[in-house]
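Enquirer: What follows is a predicted protein model with its sequence.
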Amino acid sequence: MSKNPLAAKIAAPYARALYDFSVDQNLMHQITADFQNLEVFLNKTPDLTQYLNNPIISPEQKREVLEKTLQSQINNETFKFLVVLVDRNRINLLQEIIASYLELVYEAASIKTIEVSTAYAFTNLQKNTLIKKLKELTNAREIRLVITVDPSLIGGFLIKTNSKVLDFTIKNQLQKLAKHLDTVLEI
């Protein structure tokens, strides 16, 4: 779920092309696993992400770094795709492409990605209960939760899907109460 709509729009055709290729070549499981692992890896190594996004660094140097760090860890076709991104100066969109590709895969597999913001981390029991309820509400086969802890919410949680936002936070309830009191107490 990209934060930059322009980057997401540019990334979408690359993700779609890779998705179609992975389906045609029967490589969807391998490429999906590579991208899931790569997403985690890039989030844990911001230095690599900054290096790949740096326009001053030549494509040859970027290709060399990718060969040393990733080539032995991922499928050959996934690696070739990364090289194409480097050659076309689109490696800076890698995270958006990964997000867009995984969205296509999850959609095809009836897996819903749902963002949840909470004031405190969920226990496994709370997480499993929420997933069970969300499956019932969305009719999805699987639910993939993206959980963000935000102490400013005070308590409760906020659920975001593609088209809906359900706000069960104490912060939101306090804001509603304040608005109500403002209208009632206005002189």
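Expert: Perfect, thanks for sending it.

Enquirer: then the longest helix along the chain to CSV, C-alphas only?
Expert: When the chain is parsed with DSSP state H, its longest helix is helix 5-24. Taking C-alpha atoms only, helix 5-24 is exported to CSV below (Å, rounded to 0.1, in the frame of the first residue of the first chain):
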residue,chain,number,x,y,z
PRO,A,5,0.2,7.6,-5.6
LEU,A,6,2.4,8.6,-8.6
ALA,A,7,5.0,5.9,-7.8
ALA,A,8,2.1,3.4,-7.4
LYS,A,9,0.7,4.4,-10.8
ILE,A,10,4.2,4.0,-12.4
ALA,A,11,4.8,0.7,-10.6
ALA,A,12,1.5,-0.9,-11.5
PRO,A,13,2.4,-1.9,-15.1
TYR,A,14,5.6,-3.5,-14.0
ALA,A,15,3.8,-5.4,-11.3
ARG,A,16,1.1,-6.5,-13.8
ALA,A,17,3.7,-7.6,-16.3
LEU,A,18,5.6,-9.7,-13.7
TYR,A,19,2.3,-11.1,-12.5
ASP,A,20,1.2,-12.2,-16.0
PHE,A,21,4.7,-13.6,-16.6
SER,A,22,4.7,-15.5,-13.4
VAL,A,23,1.3,-17.0,-14.2
ASP,A,24,2.3,-17.9,-17.8
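
Enquirer: On the C-terminal side of it, identify the next helix or strand.
Expert: Next helix or strand after helix 5-24 toward the C-terminus (DSSP states H and E): helix 28-44.

Enquirer: And the next helix or strand past that following helix?
Expert: Taking DSSP H and E, what comes next after helix 28-44 is helix 46-53.

Enquirer: List the buried residues of that next one.
Expert: 49, 52 (16 or more other C-beta atoms under 10 Å). (Each C-beta comes from the backbone N, C-alpha and C, glycine too.)

Enquirer: Pull the distance from that helix to the chain's centre.
Expert: 18 Å (C-alpha atoms, centre = their mean, to the nearest Å).

Enquirer: for stretch 105-116, same thing?
Expert: 10 Å.

Enquirer: so who does Ala178 touch?
Expert: With contact set as C-beta atoms under 8 Å, 6 or more residues apart in numbering, Ala178 has no partners.

Enquirer: Which per-residue confidence value corresponds to it?
Expert: We have a pLDDT of 90 for Ala178.

Enquirer: tell me which element it is part of?
Expert: Taking DSSP H and E as the definition, Ala178 sits inside helix 170-185.
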